[in-house]
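Engineer: build me a structure from this.
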Amino acid sequence: MRAHRALSALVLCSTVALAATTASPAVAHQSPAACTTSGIRFQLGGSGDSSIGIIHRNGDVVSVIPRVGNFGTGACDITDATVTLQFPKPDGTPGGQTVTLTNDIDLPGGAPFHEFPAVEHTVNFDDGVFRGQVTLAVSGTQHFPGGDTTGAIGSLGSPLVISRPHATVSVTPTPAAGDAPLGVTYAYSVTNDSPLNPMDVPVHLNDPNLSDDRCSPVTFTGGDANMDTLLSRGETWTYTCSTIFPGGTFTNTATLTGTSVRDGRPWPAATAQSTVNVNGPDMTLTKSHAGDFTQGDTGRTYTLVARNSGNRQSTGAVSVADTLPAGLTATAISGDGWTCDAGTVSCSRSDTLAAGASYPPITVTVDVAADAPGSVVNTASVSRSGENAANDRATDPTTIVAKPGPVGDGPAAQNGPGAGGGDGGGTDRGSGDVVVPDTLAPTVQAARLTNRTFAVDARGAAEPVVTSRAKKGTSFVYALSEPARVVFTVERKDAGRRVGSSCRKPSRSNRRGRPCVRLVKVGSFAQDGAAGPNTRKWSGKVGTKALKPANYQASLTAEDAAGNASAAKRLPFRIVRR
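Structural biologist: Numbering: from 1, shown residues only. This next block holds a predicted model:
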């Protein structure tokens, strides 16, 4: 259970005792004999993050387990009872979602608690509203000594309370424009402007962390007035960071993270952006080819074009390098004005290039291996000393078609000694019959999820169900180029910190690293797919394990009978509470 301040016990109880006239001996209406009062009792049960007994936020799904009983000394029978559970309206007043749990239950005197199925409700209060009442009520006929009474019998109410953590981030670069190399200092301000619930405590931010995807480290400069390391409601903290930019346009994103003291949950991410325009050259690269390649091809070509995308003339050495994938071999590389080396598949030159202009194209000639995979990605890069390296790479996905093998049933294959049925004897198999190995990988096409945001169907139902609160379950829809076994691998997206080229689990040692997203494998499942359209309905469970609310990614890979595997198709999705 997440850290929280409980509003009440997870099980809320109430007893309603309505006095009745004592009669002896028993009268006709009295049931059972000698009963004297009502013993109606209520409970609003629940546990964990879905209980109404903890602080929530808009969008949460609460789960309430209602219970009613009729017991205690002298409890009289209750018949034809109606039990309702009512949630508040968005404005916090009574009369919202109302669920009739039953309209014909009998609760004889001495009846223990009767538990109804859990009822779910999505919290959605209007702006400025922080609470509303959840009410469990019973009406029916009570058999008292003085006569039957029909109508409302009793109710139990419990508050449903939310908090609204919020912060505003701003970032200002100084200067915002200039000539390369340009030194820039970012000034940040972070304000905890969470709305205040007059009946609750203020919402403070614990362990605030501000990061910037263009600058590091971001350094705190002041604002913690009471020196308690909490970004208290109403406080504004300031930060700074400096860096140097080459020519180009640079948009940064500053992100605030932390934990709410009020409910112990992650603070809603708050971000701000700014843009710096730096005058200077900025080399970029495009890469292309024509048509599909075929296994065994020779003399196929790629075209690479280096361009000055900046706003100043470039000077100095410029290099272009092509990193060929497995299955392709360079046989030549050339371009007007370029000095090229086929061994390293690279070219260079040192003449100036005006802003917005391009150098003559480079042609890379390749041969395709006979066993090349069905698809490859060719990657190349351009480099120039002291410039923006973030946009220097270019990729070119390439489809490689399997080369058809010979078929041995033609007349030429039937002639000569050793041919099946020929005068030379031999075996029954024709000498022209050649077995062509299957080397073409299947492809997964048009992959999608019918629901990208959904709740786990705890019953394990395969058919997605849409309710008034949240969609339950989803379906994978995809098409295959040939029959194949499809493996669905599910990974959870967790917060991480950049350490070199790796994204690591956050720790004290890497707390100054840039934020990143780690993929943590949860599990996998499989389906035998047919050629053409396929559907795999999914409740949100991997094995018997129901996924917890978070952001995830599902990767689909197909493998045919020959062992050829497709490229992975990745589909993001989000699990929410029901």
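
Engineer: which regions of the chain sit below the pLDDT cut-off?
Structural biologist: Residue ranges of the chain with pLDDT under 70: 1-30, 405-436, 458-470, 578.

Engineer: right, and Asn192 touches Gly223 too?
Structural biologist: No - the criterion here is Cβ atoms under 8 Å, and Asn192 misses it with Gly223 at 10.1 Å. Backbone N, C-alpha and C define where each C-beta goes, glycine included.

Engineer: who touches both of those two?
Structural biologist: Overlap of the contact sets of Asn192 and Gly223 (by Cβ atoms under 8 Å, 6 or more residues apart in numbering) consists of 235-236.

Engineer: of those two, who's got more company?
Structural biologist: Between Asn192 and Gly223, Asn192 has the larger neighbour count (other Cβ atoms under 10 Å), namely 25 against 15.

Engineer: and the residue lying closest to Gln295 once chain neighbours are set aside, how far from Val278?
Structural biologist: Closest residue in space to Gln295, ignoring its immediate chain neighbours: Lys403 at 4.3 Å, by Cβ to Cβ, 6 or more residues apart in numbering. From Lys403 across to Val278, the span is 50 Å (Cβ to Cβ, to the nearest Å).

Engineer: so the two - more neighbours on which side?
Structural biologist: The neighbour count for Lys403 versus Val278, taken as other Cβ under 10 Å, is higher for Val278 (26 against 15).

Engineer: spell out the secondary structure type for Asp49.
Structural biologist: helix (DSSP: H, G, I helix; E, B strand; the rest coil).

Engineer: now do the strands in the stretch 251-400 of the chain.
Structural biologist: 270-279, 283-289, 293-294, 300-308, 318-323, 328-334, 339-341, 346-349, 362-368, 375-384, 393-401 (DSSP state E, counting those that start in this stretch).

Engineer: how big is the angle separating the second one from strand 393-401?
Structural biologist: Taking axes from the mean of the first three to the mean of the last three Cα atoms, to 10 degrees, strand 283-289 and strand 393-401 form an angle of 10 degrees between their directions.

Engineer: do the same with the fourth one
Structural biologist: Calculated by the same axes, to 10 degrees, strand 300-308 forms an angle of 160 degrees with strand 393-401.

Engineer: enumerate every residue touching Tyr186.
Structural biologist: 171-174, 212, 215, 218, 240-243, 252, 254, 274 are the contacts of Tyr186 under Cβ under 8 Å, 6+ apart.

Engineer: sorry, that was for Ala441
Structural biologist: Listed by Cβ under 8 Å, 6+ apart, the contact set of Ala441 reads 373-375, 560, 564-567.

Engineer: how far does stretch 375-382 sit from its chain's centre?
Structural biologist: 28 Å (Cα atoms, centre = their mean, to the nearest Å).

Engineer: residues of that stretch that come out buried?
Structural biologist: Across stretch 375-382, burial judged by 16 or more other Cβ atoms under 10 Å covers 375-376, 378, 380-382.

Engineer: cool, and stretch 348-366?
Structural biologist: Buried, per 16+ other Cβ under 10 Å, within stretch 348-366: 349, 353, 355, 359, 361-362, 364-366.

Engineer: now stretch 90-101
Structural biologist: 92, 96-97, 99, 101.

Engineer: one more: stretch 148-168?
Structural biologist: 149, 153-167.

Engineer: what do you get for stretch 50-63?
Structural biologist: 50-57, 60-63.

Engineer: what's next to the strand or helix carrying Val517, contact-wise?
Structural biologist: Assigned by DSSP states H and E, Val517 belongs to strand 515-529. By Cβ under 8 Å, 6+ apart, the surrounding residues in contact with strand 515-529 are 211, 213, 255, 257, 478, 480, 483-498, 503-505, 534, 536, 542-543, 545, 547, 552-553, 558.

Engineer: can you give me the strands for the stretch 51-200 of the chain?
Structural biologist: Counting by DSSP E, counting those that start in this stretch, the strands of the stretch 51-200 of the chain are 61-70, 78-86, 98-107, 111-115, 119-122, 131-144, 147-161, 167-174, 177-179, 182-192.

Engineer: tell me how far the first one lies from the chain's centre.
Structural biologist: Going back to what we said before, that points to strand 61-70. For strand 61-70, the gap between its own C-alpha mean and the chain's C-alpha mean amounts to 32 Å (Cα atoms, centre = their mean).

Engineer: Gly69 reaches Ala111, doesn't it?
Structural biologist: Yes - with contacts counted by Cβ under 8 Å, Gly69 reaches Ala111, the gap being 5.7 Å.

Engineer: residue contacts, Ala167?
Structural biologist: If you count contacts by Cβ under 8 Å, 6+ apart, Ala167 has them with 190-194, 205, 231, 256, 267-268, 270.
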